[in-house]
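Asks: Need a 3D model of the sequence below.
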Amino acid sequence: MFRFIRAEFMKLKGSSIIWVCLAACCLLPLIGFVVNLEASTQTTWVSYSAQNLWLAILLLWPCVFGLIGTYIFTRESIENTYRNLFIIPVGRVRLALAKLATLLLIILAMVSLSYLLNFLGLFIGIPFETASFWDGLITYLKSGLLMFFSLLPVLSVAVICRKGYLIAICATMMYTVLSFVGVWSSMLSSILPIVTILRVLQVTSIKIEYAFPMSVSYSCMAAIGVVSVVSILWVLKKQDL
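Replies: Below is the predicted model:
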């Protein structure tokens, strides 16, 4: 499995999409740095590092990581190199799992980078505390892990469309907009996976009301994730070359 994951990273090595997504992940920490130039004396490390987290979860990360995920799953089909994958005996299920693992590692790396960029706050007097730093890092990693599960429906659309990269991108945008709008609906906010991330992390920067208990949110995220993974594996296994 490690060889397949390494191969997926090698495929992305020469792609500009990674650099574009890295730049996007750096955007919010830089904006937060500029915004706090005047308010650094009243800002703690916890509030500073978490100030843009809700915006990243609702808008930025779904678009960025959805873009990377759909590219990982549709690249071979778009470039007509899909047949070359099976010249050697490579199981399609194992290949799909390697792609999922690659996306998860990329997400965790990028959210960690986004968090570490908060060190820019030290230059404007944001107080640093070791305990708060590790708590914040865990929060970001947890949000990255949950974001991975939340994006599984988008990946299933990408796999089903196969060569429809633009369709998958449109599905990502629609999913992101639906999640953002769902914040103002107590029913949607209880069942949409992306909004559930904010609930699990107890983000208070934005006020959200929920119609159902936390168990319903967990159940919906788990059910959507399982159905998405099963559909990804099943479609890849049944697709013709």
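
Asks: Give me the residues contacting the helix or strand containing Trp54.
Replies: Taking DSSP states H and E as the definition, Trp54 sits inside helix 53-55. Residues outside helix 53-55 that contact it (CB atoms under 8 Å, 6 or more residues apart in numbering) are Leu28, Thr139, Tyr140, Ser143, Leu198, Leu201, Val203, Ser205, Ile206. The C-beta positions use only the backbone N, C-alpha and C, and glycine is treated the same way.

Asks: Quick check: what element follows it along the chain?
Replies: Going down the chain from helix 53-55, the next helix or strand is helix 61-78, by DSSP H and E.

Asks: Remind me what that next one packs against, helices and strands.
Replies: If you count contacts as 3 or more CB pairs under 8 Å, 6 or more residues apart in numbering; DSSP states H and E, helix 61-78 packs onto helix 2-13, helix 16-35, helix 92-116, helix 130-150, helix 152-161, helix 165-182.

Asks: Just give me how far the following helix or strand past the last one sits from the chain centre.
Replies: Stepping forward along the backbone from helix 165-182, the first helix or strand reached (DSSP H and E) is helix 186-191. What separates the centre of helix 186-191 from the centre of its chain is 20 Å, taken as CA atoms, centre = their mean, to the nearest Å.

Asks: From the contacts of helix 53-55, list just the buried residues.
Replies: Neighbour counting over those (16 or more other CB atoms under 10 Å) leaves Leu28, Thr139, Tyr140, Ser143, Leu198, Leu201, Val203 as the buried ones.

Asks: residues contacting the fifth one?
Replies: When contacts are counted by CB under 8 Å, 6+ apart, Leu198 touches Trp54, Ile57, Leu58, Ile206, Ile208.

Asks: Tell me the pLDDT of it.
Replies: pLDDT recorded at Leu198 is 91.

Asks: So it versus Val183, what's the distance?
Replies: 8 Å (CB to CB, to the nearest Å).

Asks: and if you look at Met173?
Replies: Taking CB to CB as the measure, Met173 and Val183 are separated by 17 Å.

Asks: For the two, indicate the residue with more neighbours.
Replies: Val183 (19 against 15; other CB atoms under 10 Å).

Asks: Identify all contacting residues around the helix or strand harbouring Trp234.
Replies: Taking DSSP H and E as the definition, one finds Trp234 inside helix 214-238. Contacts with helix 214-238, where a contact means CB under 8 Å, 6+ apart, come from 73, 92-93, 95-96, 100, 146, 149-150, 152-153, 155-156, 159-160, 190-193, 196, 199-200, 210.

Asks: quick one: buried residues of it?
Replies: Ser217, Cys220, Met221, Ile224, Gly225, Ser228, Val229, Ser231, Ile232, Leu233, Val235, Leu236.

Asks: that older thread, lowest-confidence entry in the buried ones among the contacts of helix 53-55?
Replies: Leu28 (78).

Asks: name the element Lys207 belongs to?
Replies: Residue-wise, Lys207 maps onto no helix or strand under DSSP H and E.

Asks: So for stretch 55-71, mean pLDDT?
Replies: Throughout stretch 55-71, pLDDT has a mean value of 89.
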